[in-house]
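Chemist: Give me the fold of what follows.
(one chain, ligands or ions: 1)
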Amino acid sequence: MALASGVRFAERALLRPWALLRGTTLGRTEPAAGGGGDGARRFGSQRVLVEPDAASGVAVMKLRNPPVNALSLELLTELVISLEKLENDKTFRGVILTSDCPRVFCAGLDLTEICGRNPAHCAEYWKAMQELWLRTYLSSLVLVAAINGACPAGGCIIALSCDCRVLADNPKYRIGLNETLLGIIAPFWLKDTYVNTIGHRASEQALQLGSLFPPAEALQVGLVDQVVPEDQVQSTALSEMARWLAVPDHARQLTKNMMRKATADRLLRQRDADTQNFVSFVCRDSIQKSLQAYLEKLRQRKG
Ligand SMILES: CC/C=C\CC(=O)SCCNC(=O)CCNC(=O)[C@H](O)C(C)(C)COP(=O)(O)OP(=O)(O)OC[C@H]1O[C@@H](n2cnc3c(N)ncnc32)[C@H](O)[C@@H]1OP(=O)(O)O
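Modeler: Purely as a prediction, here's the structure:
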(Lines give C-alpha, C1' and ligand atoms only; values in the text may rest on other atoms or scores of the structure.)
Protein backbone atom coordinates (compact mmCIF):
# COMPACT_ATOMS: atom_id res chain seq x y z
CA MET A 1 0.00 0.00 0.00
CA ALA A 2 2.71 2.41 1.06
CA LEU A 3 4.72 1.36 -1.95
CA ALA A 4 1.93 1.99 -4.43
CA SER A 5 1.05 5.36 -2.95
CA GLY A 6 4.66 6.50 -2.92
CA VAL A 7 5.37 5.42 -6.46
CA ARG A 8 2.20 7.03 -7.79
CA PHE A 9 2.78 10.31 -5.99
CA ALA A 10 4.26 12.02 -9.01
CA GLU A 11 1.46 10.86 -11.28
CA ARG A 12 -1.23 12.10 -8.91
CA ALA A 13 0.48 15.37 -8.19
CA LEU A 14 1.00 16.55 -11.74
CA LEU A 15 -1.42 18.00 -14.19
CA ARG A 16 -1.86 16.30 -17.53
CA PRO A 17 0.29 17.79 -20.28
CA TRP A 18 -1.31 20.42 -22.42
CA ALA A 19 -3.82 19.53 -25.01
CA LEU A 20 -2.48 22.45 -26.97
CA LEU A 21 0.52 21.37 -28.99
CA ARG A 22 1.56 24.03 -31.44
CA GLY A 23 3.36 22.51 -34.40
CA THR A 24 4.39 19.30 -32.67
CA THR A 25 4.63 15.89 -34.28
CA LEU A 26 4.42 13.65 -31.25
CA GLY A 27 4.28 9.91 -31.41
CA ARG A 28 6.30 9.56 -34.59
CA THR A 29 8.16 6.25 -34.63
CA GLU A 30 10.99 5.35 -36.96
CA PRO A 31 13.62 2.65 -37.05
CA ALA A 32 16.99 3.71 -35.63
CA ALA A 33 19.91 3.58 -38.02
CA GLY A 34 20.82 -0.07 -38.50
CA GLY A 35 18.09 -1.07 -36.05
CA GLY A 36 15.51 -3.78 -36.50
CA GLY A 37 13.34 -4.92 -33.59
CA ASP A 38 11.20 -2.92 -31.23
CA GLY A 39 14.11 -2.29 -28.87
CA ALA A 40 15.92 -0.41 -31.61
CA ARG A 41 13.01 1.77 -32.73
CA ARG A 42 13.20 5.41 -31.88
CA PHE A 43 10.34 7.75 -31.36
CA GLY A 44 9.80 11.24 -30.17
CA SER A 45 8.84 14.52 -31.68
CA GLN A 46 10.25 17.34 -33.68
CA ARG A 47 12.38 18.69 -30.83
CA VAL A 48 12.92 15.61 -28.67
CA LEU A 49 14.50 12.46 -30.07
CA VAL A 50 14.01 9.31 -28.03
CA GLU A 51 16.24 6.29 -28.61
CA PRO A 52 14.80 3.46 -26.52
CA ASP A 53 16.67 0.29 -25.69
CA ALA A 54 14.05 -2.12 -24.45
CA ALA A 55 16.65 -4.77 -23.58
CA SER A 56 18.36 -2.59 -21.00
CA GLY A 57 15.23 -0.61 -20.05
CA VAL A 58 17.08 2.63 -20.76
CA ALA A 59 16.11 5.35 -23.23
CA VAL A 60 18.34 8.17 -24.44
CA MET A 61 16.39 11.40 -24.80
CA LYS A 62 18.05 14.06 -26.94
CA LEU A 63 17.06 17.72 -27.01
CA ARG A 64 17.18 19.00 -30.57
CA ASN A 65 15.96 22.55 -30.80
CA PRO A 66 18.80 24.22 -32.72
CA PRO A 67 20.82 26.28 -32.44
CA VAL A 68 21.03 26.22 -28.62
CA ASN A 69 18.11 24.11 -27.29
CA ALA A 70 16.42 27.20 -25.86
CA LEU A 71 13.39 26.03 -23.90
CA SER A 72 10.59 27.15 -26.17
CA LEU A 73 7.01 26.34 -25.16
CA GLU A 74 7.01 23.60 -27.77
CA LEU A 75 10.23 22.04 -26.47
CA LEU A 76 8.97 22.13 -22.87
CA THR A 77 5.73 20.48 -23.93
CA GLU A 78 7.41 17.80 -25.98
CA LEU A 79 9.86 16.99 -23.18
CA VAL A 80 7.05 16.50 -20.68
CA ILE A 81 5.08 14.29 -23.03
CA SER A 82 8.08 12.17 -24.04
CA LEU A 83 8.98 11.63 -20.40
CA GLU A 84 5.41 10.76 -19.50
CA LYS A 85 5.31 8.24 -22.34
CA LEU A 86 8.43 6.49 -21.00
CA GLU A 87 7.15 6.58 -17.43
CA ASN A 88 3.93 4.89 -18.48
CA ASP A 89 5.80 2.14 -20.32
CA LYS A 90 6.89 -0.42 -17.77
CA THR A 91 9.74 -1.51 -20.07
CA PHE A 92 11.72 1.57 -19.09
CA ARG A 93 13.51 2.20 -15.82
CA GLY A 94 15.94 4.94 -16.77
CA VAL A 95 16.46 7.87 -19.13
CA ILE A 96 19.67 9.58 -20.18
CA LEU A 97 19.01 13.21 -21.03
CA THR A 98 21.43 14.79 -23.45
CA SER A 99 21.69 17.26 -26.33
CA ASP A 100 21.60 16.72 -30.05
CA CYS A 101 22.94 20.27 -30.63
CA PRO A 102 26.71 20.69 -30.76
CA ARG A 103 28.39 22.49 -27.85
CA VAL A 104 25.18 23.34 -25.99
CA PHE A 105 23.21 21.14 -23.60
CA CYS A 106 20.48 23.74 -23.15
CA ALA A 107 20.58 27.57 -23.16
CA GLY A 108 17.76 27.87 -20.62
CA LEU A 109 14.51 29.76 -21.03
CA ASP A 110 13.81 30.83 -24.56
CA LEU A 111 14.03 34.56 -23.98
CA THR A 112 11.85 35.24 -27.01
CA GLU A 113 9.00 33.56 -25.07
CA ILE A 114 9.12 36.25 -22.39
CA CYS A 115 10.35 39.33 -24.27
CA GLY A 116 7.64 41.54 -25.75
CA ARG A 117 4.95 38.95 -24.98
CA ASN A 118 1.64 39.55 -23.25
CA PRO A 119 1.04 38.41 -19.65
CA ALA A 120 -1.20 35.53 -20.75
CA HIS A 121 1.58 34.09 -22.89
CA CYS A 122 4.18 34.53 -20.13
CA ALA A 123 1.84 32.73 -17.71
CA GLU A 124 1.30 29.82 -20.10
CA TYR A 125 5.04 29.62 -20.63
CA TRP A 126 5.89 29.68 -16.93
CA LYS A 127 3.34 26.95 -16.17
CA ALA A 128 5.05 24.81 -18.78
CA MET A 129 8.41 25.44 -17.09
CA GLN A 130 6.97 24.48 -13.69
CA GLU A 131 5.48 21.35 -15.24
CA LEU A 132 8.79 20.21 -16.70
CA TRP A 133 10.56 20.72 -13.38
CA LEU A 134 7.86 18.83 -11.45
CA ARG A 135 7.84 16.04 -13.99
CA THR A 136 11.61 15.57 -13.98
CA TYR A 137 12.21 16.27 -10.28
CA LEU A 138 9.61 13.69 -9.21
CA SER A 139 10.15 11.19 -11.99
CA SER A 140 9.91 7.56 -10.95
CA LEU A 141 12.58 6.80 -13.57
CA VAL A 142 16.30 7.16 -12.97
CA LEU A 143 17.34 10.30 -14.84
CA VAL A 144 20.99 10.82 -15.73
CA ALA A 145 22.04 14.08 -17.38
CA ALA A 146 24.81 13.59 -19.94
CA ILE A 147 25.83 17.24 -20.21
CA ASN A 148 27.62 17.59 -23.51
CA GLY A 149 27.63 21.38 -23.79
CA ALA A 150 26.94 24.72 -22.09
CA CYS A 151 24.32 24.42 -19.38
CA PRO A 152 23.19 27.83 -18.04
CA ALA A 153 20.03 28.74 -16.07
CA GLY A 154 17.05 26.70 -17.32
CA GLY A 155 19.51 24.15 -18.73
CA CYS A 156 20.95 23.78 -15.26
CA ILE A 157 17.41 23.38 -13.86
CA ILE A 158 16.89 20.35 -16.07
CA ALA A 159 20.26 18.88 -15.09
CA LEU A 160 19.65 19.53 -11.38
CA SER A 161 16.32 17.74 -11.46
CA CYS A 162 18.05 14.57 -12.70
CA ASP A 163 19.44 12.03 -10.23
CA CYS A 164 22.99 12.24 -11.50
CA ARG A 165 25.04 14.57 -13.73
CA VAL A 166 28.01 13.79 -15.98
CA LEU A 167 29.67 16.84 -17.54
CA ALA A 168 32.05 16.94 -20.50
CA ASP A 169 35.45 18.35 -19.61
CA ASN A 170 35.48 21.44 -21.81
CA PRO A 171 36.09 24.86 -20.22
CA LYS A 172 33.43 26.36 -22.51
CA TYR A 173 30.76 24.10 -21.04
CA ARG A 174 29.85 26.10 -17.97
CA ILE A 175 26.94 25.26 -15.72
CA GLY A 176 25.02 27.25 -13.13
CA LEU A 177 22.17 29.64 -12.45
CA ASN A 178 23.09 33.01 -13.96
CA GLU A 179 19.63 34.61 -13.64
CA THR A 180 20.86 37.67 -11.73
CA LEU A 181 23.12 38.60 -14.65
CA LEU A 182 19.99 38.96 -16.78
CA GLY A 183 18.36 41.08 -14.08
CA ILE A 184 15.93 38.31 -13.14
CA ILE A 185 15.55 36.09 -10.08
CA ALA A 186 15.48 32.34 -9.72
CA PRO A 187 12.13 31.22 -8.26
CA PHE A 188 12.09 29.67 -4.77
CA TRP A 189 11.74 26.13 -6.13
CA LEU A 190 14.83 26.55 -8.20
CA LYS A 191 16.71 28.04 -5.26
CA ASP A 192 15.56 25.07 -3.15
CA THR A 193 16.85 22.64 -5.78
CA TYR A 194 20.19 24.43 -5.80
CA VAL A 195 20.42 24.35 -2.01
CA ASN A 196 19.48 20.65 -1.97
CA THR A 197 22.34 19.99 -4.39
CA ILE A 198 25.25 22.21 -3.31
CA GLY A 199 24.22 23.48 0.13
CA HIS A 200 23.10 26.84 1.47
CA ARG A 201 26.30 28.87 1.56
CA ALA A 202 27.48 27.83 -1.90
CA SER A 203 23.99 28.55 -3.31
CA GLU A 204 23.80 31.91 -1.58
CA GLN A 205 27.04 32.95 -3.24
CA ALA A 206 26.46 31.36 -6.63
CA LEU A 207 22.89 32.63 -6.99
CA GLN A 208 23.72 36.21 -6.12
CA LEU A 209 26.79 36.28 -8.35
CA GLY A 210 25.05 34.42 -11.18
CA SER A 211 28.03 32.07 -11.26
CA LEU A 212 28.56 29.80 -14.23
CA PHE A 213 31.04 27.11 -13.18
CA PRO A 214 33.61 25.54 -15.51
CA PRO A 215 33.79 21.74 -15.19
CA ALA A 216 36.47 21.39 -12.48
CA GLU A 217 34.73 23.96 -10.26
CA ALA A 218 31.30 22.45 -10.94
CA LEU A 219 32.66 19.12 -9.71
CA GLN A 220 34.27 20.69 -6.68
CA VAL A 221 31.12 22.51 -5.59
CA GLY A 222 29.01 19.35 -6.15
CA LEU A 223 26.96 20.66 -9.04
CA VAL A 224 27.93 17.63 -11.14
CA ASP A 225 28.93 14.12 -10.11
CA GLN A 226 31.55 13.37 -12.76
CA VAL A 227 33.63 15.34 -15.24
CA VAL A 228 34.98 13.21 -18.08
CA PRO A 229 36.54 13.72 -21.52
CA GLU A 230 33.94 14.75 -24.04
CA ASP A 231 33.97 11.44 -25.92
CA GLN A 232 33.27 9.54 -22.70
CA VAL A 233 30.17 11.42 -21.56
CA GLN A 234 27.69 8.95 -23.01
CA SER A 235 29.52 5.81 -21.84
CA THR A 236 29.99 7.27 -18.37
CA ALA A 237 26.30 8.18 -18.22
CA LEU A 238 25.49 4.57 -19.11
CA SER A 239 27.81 3.27 -16.36
CA GLU A 240 26.18 5.62 -13.85
CA MET A 241 22.78 4.40 -15.01
CA ALA A 242 23.82 0.78 -14.41
CA ARG A 243 24.86 1.70 -10.88
CA TRP A 244 21.50 3.31 -10.15
CA LEU A 245 19.53 0.51 -11.82
CA ALA A 246 21.28 -2.06 -9.63
CA VAL A 247 19.03 -0.85 -6.79
CA PRO A 248 15.49 -2.31 -6.62
CA ASP A 249 13.10 0.22 -8.18
CA HIS A 250 10.58 0.37 -5.35
CA ALA A 251 13.21 1.12 -2.70
CA ARG A 252 14.96 3.71 -4.84
CA GLN A 253 11.69 5.38 -5.92
CA LEU A 254 10.32 5.66 -2.39
CA THR A 255 13.64 7.04 -1.17
CA LYS A 256 13.74 9.59 -3.99
CA ASN A 257 10.19 10.60 -3.15
CA MET A 258 11.08 10.95 0.53
CA MET A 259 14.05 13.19 -0.35
CA ARG A 260 12.26 15.39 -2.90
CA LYS A 261 8.57 15.52 -1.95
CA ALA A 262 8.77 18.48 0.44
CA THR A 263 10.56 20.62 -2.14
CA ALA A 264 8.06 19.76 -4.87
CA ASP A 265 5.06 20.16 -2.55
CA ARG A 266 6.12 23.73 -1.85
CA LEU A 267 5.60 24.60 -5.48
CA LEU A 268 2.47 22.46 -5.83
CA ARG A 269 0.89 24.39 -2.96
CA GLN A 270 1.51 27.77 -4.58
CA ARG A 271 1.75 27.24 -8.29
CA ASP A 272 -0.66 30.00 -9.19
CA ALA A 273 0.99 32.54 -6.90
CA ASP A 274 4.39 31.59 -8.32
CA THR A 275 3.05 32.09 -11.85
CA GLN A 276 1.59 35.48 -10.94
CA ASN A 277 4.86 36.54 -9.33
CA PHE A 278 6.83 35.54 -12.40
CA VAL A 279 4.46 37.24 -14.82
CA SER A 280 4.17 40.50 -12.93
CA PHE A 281 7.95 40.58 -12.53
CA VAL A 282 8.99 39.85 -16.12
CA CYS A 283 6.30 42.10 -17.56
CA ARG A 284 7.66 45.17 -15.77
CA ASP A 285 9.05 47.73 -18.20
CA SER A 286 12.45 47.76 -16.50
CA ILE A 287 12.78 43.96 -16.66
CA GLN A 288 11.64 43.86 -20.27
CA LYS A 289 14.32 46.42 -21.11
CA SER A 290 17.00 44.43 -19.37
CA LEU A 291 15.93 41.17 -21.06
CA GLN A 292 15.84 42.88 -24.47
CA ALA A 293 19.34 44.26 -23.88
CA TYR A 294 20.63 40.81 -22.89
CA LEU A 295 19.07 39.22 -25.97
CA GLU A 296 20.50 41.94 -28.19
CA LYS A 297 23.96 41.38 -26.69
CA LEU A 298 23.66 37.65 -27.41
CA ARG A 299 22.65 38.34 -31.00
CA GLN A 300 25.60 40.67 -31.55
CA ARG A 301 28.13 38.41 -29.87
CA LYS A 302 29.45 35.71 -32.14
CA GLY A 303 31.65 32.71 -31.39
C1 LIG B 1 13.49 32.83 -14.17
C2 LIG B 1 14.38 31.73 -13.84
C3 LIG B 1 14.52 30.58 -14.75
C4 LIG B 1 15.38 30.48 -15.80
C5 LIG B 1 16.12 31.62 -16.35
C6 LIG B 1 16.70 31.38 -17.73
O7 LIG B 1 16.87 30.27 -18.20
S8 LIG B 1 17.05 32.77 -18.63
C9 LIG B 1 18.07 32.24 -19.97
C10 LIG B 1 19.50 32.25 -19.53
N11 LIG B 1 20.34 31.75 -20.57
C12 LIG B 1 21.50 32.30 -20.86
O13 LIG B 1 21.93 33.28 -20.28
C14 LIG B 1 22.26 31.67 -22.01
C15 LIG B 1 22.41 32.62 -23.13
N16 LIG B 1 23.11 32.00 -24.24
C17 LIG B 1 24.44 31.82 -24.24
O18 LIG B 1 25.17 32.12 -23.33
C19 LIG B 1 25.01 31.20 -25.49
O20 LIG B 1 24.07 31.32 -26.52
C21 LIG B 1 25.40 29.72 -25.32
C22 LIG B 1 24.26 28.88 -24.78
C23 LIG B 1 26.62 29.59 -24.41
C24 LIG B 1 25.78 29.16 -26.73
O25 LIG B 1 26.76 29.97 -27.31
P26 LIG B 1 27.01 29.89 -28.90
O27 LIG B 1 28.16 30.79 -29.18
O28 LIG B 1 27.10 28.47 -29.33
O29 LIG B 1 25.65 30.44 -29.55
P30 LIG B 1 25.20 31.97 -29.70
O31 LIG B 1 25.43 32.71 -28.45
O32 LIG B 1 25.80 32.51 -30.96
O33 LIG B 1 23.61 31.81 -29.87
C34 LIG B 1 23.04 31.32 -31.08
C35 LIG B 1 21.67 31.95 -31.27
O36 LIG B 1 20.82 31.54 -30.19
C37 LIG B 1 20.29 32.69 -29.53
N38 LIG B 1 20.11 32.39 -28.11
C39 LIG B 1 21.05 31.97 -27.24
N40 LIG B 1 20.52 31.77 -26.04
C41 LIG B 1 19.21 32.06 -26.14
C42 LIG B 1 18.12 32.03 -25.21
N43 LIG B 1 18.29 31.64 -23.93
N44 LIG B 1 16.90 32.37 -25.64
C45 LIG B 1 16.71 32.76 -26.92
N46 LIG B 1 17.71 32.81 -27.85
C47 LIG B 1 18.93 32.46 -27.45
C48 LIG B 1 21.32 33.78 -29.78
O49 LIG B 1 20.73 35.03 -29.62
C50 LIG B 1 21.72 33.48 -31.19
O51 LIG B 1 20.68 33.96 -32.03
P52 LIG B 1 21.01 34.55 -33.49
O53 LIG B 1 19.69 35.03 -33.96
O54 LIG B 1 21.55 33.36 -34.26
O55 LIG B 1 22.03 35.63 -33.31
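
Chemist: Run a quick neighbour tally on the closest residue to Cys283 other than its chain neighbours.
Modeler: Excluding the flanking residues, the one nearest Cys283 by Cβ to Cβ, 6 or more residues apart in numbering is Pro119, at 5.4 Å. All C-beta spots, glycine's among them, are computed from the backbone N, C-alpha and C. If you count neighbours by other Cβ atoms under 10 Å, Pro119 ends up with 12.

Chemist: Next, the contact list for Pro119, please.
Modeler: If you count contacts by Cβ atoms under 8 Å, 6 or more residues apart in numbering, Pro119 has them with 279-280, 283.

Chemist: which parts of the protein sit against the ligand?
Modeler: The chain has residues 67-68, 70, 103-104, 107-112, 150, 152-154, 178-179, 182, 184, 186, 298-299, 301-302 near the ligand, with proximity defined as Cβ under 6 Å from any ligand atom.

Chemist: Just the buried subset of these, please.
Modeler: 68, 70, 104, 107-111, 150, 152-154, 178-179, 182, 184, 186 (16 or more other Cβ atoms under 10 Å).

Chemist: Mind checking which of the residues you listed land in strands?
Modeler: In strands, defined here by DSSP state E, the members of those are Pro152.

Chemist: Filter the buried ones among the residues of the chain next to the ligand down to just the ones in helices.
Modeler: Mapping those onto helices (DSSP state H) picks out Gly154.

Chemist: So which of the contacts of Pro119 wins on neighbours?
Modeler: Result: Val279 is most packed of those (other Cβ under 10 Å), 20 neighbours.

Chemist: which SSE is that one in?
Modeler: Following DSSP states H and E, the helix or strand that holds Val279 is helix 271-282.

Chemist: tell me the contacts of Cys101?
Modeler: Counting by Cβ under 8 Å, 6+ apart, Cys101 has contacts 63-69, 149.

Chemist: ok, then the element right after the helix holding Val279?
Modeler: Scanning onward from helix 271-282 (DSSP H and E), the first element met is helix 285-300.

Chemist: number of nearby residues for Ala159?
Modeler: Counted by other Cβ under 10 Å, the residues lying close to Ala159 total 27.

Chemist: Over to Pro171?
Modeler: Pro171 has 8 neighbouring residues, counting by other Cβ under 10 Å.

Chemist: Next, the nearest residue to it once chain neighbours are set aside: phi, psi?
Modeler: Nearest residue to Pro171, sequence neighbours excluded (Cβ to Cβ, 6+ apart): Pro214, at 4.9 Å. Phi and psi for Pro214, reported as degrees, to the nearest 10, are phi -70, psi 160.

Chemist: can you give me the helices in the chain?
Modeler: Counting by DSSP H, the helices of the chain are 2-7, 9-13, 73-87, 119-137, 154-160, 188-198, 200-209, 215-221, 233-245, 249-269, 271-282, 285-300.
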